[in-house]
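**Student:** Sequence first, predicted coordinates after that:
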Amino acid sequence: LFRSSDVIHGHKTVFPIPLGLSCSWDMALIEKSARVAAVEAAADGLNWTFSPMVDISRDPRWGRIAEGSGEDPFLGSAIAQAMVKGYQQSDLSKDNTLAACVKHYGLYGASEGGRDYNTVDMSRVRMYNEYLPPYKAAVEAGVASIMSSFNVVDGVPATGNHWLLTDLLKRQWGFKGLVVSDYTSLSEMINHGMGDLQTVSALSMNAGLDMDMVSEGFLNTLKASVNASKVSVKRIEDACRKILELKYRLGLFDDPYRYCSEERAAKLLLSPEHRQAARSAAAQSFVLLKNDQNVLPLTRKGTIAVVGPLAHSRRNMLGTWSVSGDHEKAVTVLEGIKAVAGPNVNIRYTKGANLSDDTVFAKKVNVFGTEIDFDEHSPDEMIREAVALAAQSDVVAAVVGEAADMTGEASSMASIDLQESQQKLLKALSKTGKPVVMVLYNGRPMTLQWEAQHIPAIVDVWFGGTEGGNAVADVLFGDVNPSGKLTTSFPVHIGQVPVYHSMLNTGRPYHGEAFSKFKTNYLDIPNEPLFPFGYGLSYTTFSYGEVRLSSATLKNGQTLTASVKVSNTGSRPGSEVVQLYIQDEVGSLSRPLKELKGFQKIMLQPGESKEVSFTITSDLLKFYNGDLKWVVEPGKFNV
Ligand code: BGC
């Protein structure tokens, strides 16, 4: 038997949510997170994980943005491959590997209005250039299986979409593995208006779906469809073959119990080594959004007020989709700070606010347990206590943000502001005049305009997993210098969505001047996001020299080198993600203002410089043209 589960960001040792991990821009670290997950899950009886989730999303309203790697297809593809490698390695029959399942094919992250399961509709050009690359990259990395998504693609639900599953995936991309439906996505086609269970089962089988997850349409109706000559036995045999082949590759015919070992599980699950890997991964995933007057890192003396509904909320530390994770094993921020601060710091804690004061909202979020709870003190009393504590302290760490299941599946939000209860707390703390460090837990980009204006230091810590609290403390006290960079843009206002870095130009460009009538701008907000893709500060500073090219021209099939000198101009060692963007100035299609085409993460000592080089091939300049041909067009490119 396959034993499958959603091992999404770790098994028992929970790593940061995927959106957080992506902000590390560190492929070795991401691969390692999948490796640790596989080693643990494969000892614990599992052999198939429904991961990686590689849906590109540019809509923070969509709760599942937390499960992916953000807005960019180039980075998303690299991460997809690192994850597949981490789970599968080179031999699936090893007892410490899992079969991976790339999902949700396809385009699920573009659901209209950010509402989960909703309609998707986009041009083929956009699909090919921007949304499909990560699935294709996973296929190229040898992913064992792929999951069809809930949404429609060109009007036909993905699970019954012949073009998607057979023409593109199996024929064009040459995928030889197993195609499984998402949970009941087959029978959901009845609601999509595609016919009754027998009809949609036949449609899916003929479209190229090999396995029906949960709907029992294949199980209960295919015989009738064969008898009615609606489905061929040959296609059913082909689907069975895919399933048997994967079981064979996993070694299940040699030993069906290969992936169950109490002895290995006892040794490996939550081992100190795994916890250490999770702690370091978490610290690498954090993004320092603001740090005025170097409020951070904190000094190891005086009194720190640790405040906020997430400061000591074990229930919320793991984030969405931690199916096998045990939140009781998670370290809270308060515990992390106490463990890391050392003997000369006086640490005081109070909750300060509920995650939300809205009981109706809380009920919807709390389906898997009480993530949003209500303190016995009134909201006003809680704030008063927090303000009093702040007044007696040197600095305030305000740990605020979202409950774990405010993102993830079926967790769409129309407002991505901090909940009102927490805004009130921050405003009150800010009035005390004490420096406030905002530690933000979130599974999506949020609108932080007030916070960015009034709070001197903001560090985005996503959901860091089992060791999240320790990792937060490592970064707050400067034992780890933050180096994460955003992989999804933070809008100024929800009305700006979608806002992303690889936009096309308009015929009426706007160049950051004051409002200009008949230019592409808003009357009430700027065009630029509050925090853009690729952004993130450090406790040190970096300077960049001029970009130099080994040659000003590049012929088809040749390569050239772009290099830049990067220096650490501050006083601490630090890592920097050097990002290569290219613009194709003139094309047969309007081309993005810039596209990510490379990245390297480097570590520099204070005063140290490094020459960072990128190889630019003509292949790197290719895109899908209007005929969906993968071409490079001659012309001028900006690096
Ligand atoms: C989700 C998938 C998941 C599946 C199985 C579905 O609801 O969309 O991501 O793999 O459930 O748990």
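**Tutor:** Looks like it came in fine.
**Student:** Show the end-to-end separation of stretch 479-492, please.
**Tutor:** 31 Å (C-alpha to C-alpha, to the nearest Å).
**Student:** For that stretch, what does the pLDDT average out to?
**Tutor:** Averaging pLDDT along stretch 479-492 gives 98.
**Student:** Quick one: low-confidence residue ranges for this structure.
**Tutor:** Within the chain, no stretch falls below the threshold (pLDDT under 70).
**Student:** Of all residues in the stretch 151-300 of the chain, which one is closest to the ligand?
**Tutor:** Residue nearest to the ligand within the stretch 151-300 of the chain: Y183 (3.6 Å; C-beta to the nearest ligand atom). C-betas here are computed from N, CA, C, even on glycine.
**Student:** and this structure, which of its residues are near the ligand?
**Tutor:** Applying C-beta under 6 Å from any ligand atom, we find that the chain lies next to the ligand at D6, F50, K103, D182, Y183, E409.
**Student:** quick one: which of those residues is nearest S111?
**Tutor:** Nearest to S111 out of the residues of the chain next to the ligand is E409 (C-beta to C-beta; 11.8 Å).
**Student:** related to what we said a few turns ago, among the residues of the chain next to the ligand, which one is most surrounded by other residues?
**Tutor:** Neighbour counts for these (other C-beta atoms under 10 Å) peak at K103, which has 26 neighbours.
**Student:** residues contacting that residue?
**Tutor:** The contact partners of K103, by C-beta atoms under 8 Å, 6 or more residues apart in numbering, come to F50, S51, P52, M53, V54, D55, I146, M147, S149, D182.
**Student:** now the fifth one: how far from R64?
**Tutor:** Here the criterion is C-beta to C-beta, to the nearest Å. By it, V54 lies 12 Å from R64.
**Student:** if I read this right, P52 contacts A100, doesn't it?
**Tutor:** Yes. With contact defined as C-beta atoms under 8 Å, P52 and A100 form a contacting pair (6.6 Å).
**Student:** Quickly list what's touching both of these two.
**Tutor:** Common neighbours of P52 and A100 (C-beta under 8 Å, 6+ apart) are M83, V84, A138.
**Student:** and these, which of them are in strands?
**Tutor:** Among these, none falls in strands (DSSP state E).
**Student:** From those residues, which land in helices?
**Tutor:** M83, V84, A138 (DSSP state H).
**Student:** Do me a favour and get the backbone dihedrals for R315.
**Tutor:** phi -60, psi -30 (degrees, to the nearest 10).
**Student:** pretty sure it contacts F368?
**Tutor:** No. Contact criterion C-beta under 8 Å: R315 and F368 do not qualify, at 9.5 Å.
**Student:** Of the shared contacts of P52 and A100, which is the most crowded?
**Tutor:** M83 (30 neighbours).
**Student:** Report the contact partners of that one.
**Tutor:** Here M83 is in contact with I30, E31, A34, S51, P52, A100, A138 (C-beta under 8 Å, 6+ apart).
**Student:** Check Y522 too.
**Tutor:** G495, Q496.
**Student:** So it: helix, strand or coil?
**Tutor:** State at Y522, reduced to three classes by DSSP: H, G, I helix; E, B strand; the rest coil: coil.
**Student:** what about it, distance to the ligand?
**Tutor:** 34 Å (C-beta to the nearest ligand atom, to the nearest Å).
**Student:** V36: which element?
**Tutor:** If you go by DSSP states H and E, V36 is part of helix 27-43.
**Student:** nope, W462 is what I was after
**Tutor:** Using DSSP H and E, no helix or strand contains W462.
**Student:** now T370
**Tutor:** Here T370 is assigned to no helix or strand, by DSSP H and E.
**Student:** these two touch, right, it and S313?
**Tutor:** No. If you go by C-beta under 8 Å, T370 and S313 don't touch, sitting 10.0 Å apart.
**Student:** Compare the two and say which is more crowded by neighbours.
**Tutor:** The neighbour comparison of T370 against S313 (other C-beta under 10 Å) goes to S313, with 23 against 12.
**Student:** What separation is there between that one and S393?
**Tutor:** 20 Å.
**Student:** try A158
**Tutor:** 53 Å.
**Student:** Show me the helices in the stretch 101-250 of the chain, by range?
**Tutor:** Using DSSP state H, counting those that start in this stretch, the helices assigned to the stretch 101-250 of the chain run over residues 124-126, 133-140, 162, 197-207, 217-227, 233-249.
**Student:** With respect to Q88, which of these lies nearest?
**Tutor:** Going by C-beta to C-beta, the one of the helices of the stretch 101-250 of the chain nearest Q88 is helix 233-249, 9.6 Å.
**Student:** out of V54 and R64, which sits in the more crowded spot?
**Tutor:** A count of neighbours by other C-beta under 10 Å puts V54 above the other of V54 and R64, at 33 against 28.
**Student:** can you tell me which residues contact the residue of the stretch 151-300 of the chain closest to the ligand?
**Tutor:** M213, V214.
**Student:** my read is L440 is in a helix, agree?
**Tutor:** No. Counting by three-state DSSP, L440 is not part of a helix but strand.
**Student:** now the strands for the stretch 151-300 of the chain?
**Tutor:** Taking DSSP state E, counting those that start in this stretch as the criterion, the stretch 151-300 of the chain carries its strands at 152-153, 156-157, 178-181, 287-291.
**Student:** What are the contacting residues of stretch 420-433?
**Tutor:** 307-309, 352-357, 379, 382-383, 386-387, 390-391, 396, 398, 400-401, 417-418, 436, 438, 450-451, 454-455.
**Student:** And the buried ones among those residues, selectable in PyMOL?
**Tutor:** Those of the contacts of stretch 420-433 that count as buried under 16 or more other C-beta atoms under 10 Å are selected in PyMOL with:
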select buried, resi 307+308+309+352+353+354+355+356+357+379+382+383+386+387+390+396+398+400+401+417+418+436+438+451+455
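**Student:** Out of the contacts of stretch 420-433, which sit inside helices?
**Tutor:** Using DSSP H, those in helices are P379, M382, I383, A386, V387, A390, A391, W450, E451, H454.
**Student:** Now the residue of the stretch 351-500 of the chain found nearest the ligand. Nearest residue, chain neighbours left out?
**Tutor:** Per C-beta to the nearest ligand atom, E409 is where the stretch 351-500 of the chain lies closest to the ligand, at 5.5 Å. Spatial nearest neighbour of E409, excluding adjacent residues (C-beta to C-beta, 6 or more residues apart in numbering): R64 at 5.9 Å.
**Student:** now do M413
**Tutor:** Here the residue nearest M413, using C-beta to C-beta, 6+ apart, is R61, at 5.7 Å.
**Student:** next one: V547
**Tutor:** V564 is the one closest to V547 (C-beta to C-beta, 6+ apart), at 5.0 Å.
**Student:** now swap in V612 and tell me
**Tutor:** V578 (4.7 Å).
**Student:** How about the secondary structure of that neighbour?
**Tutor:** From three-state DSSP, the assignment for V578 is strand.
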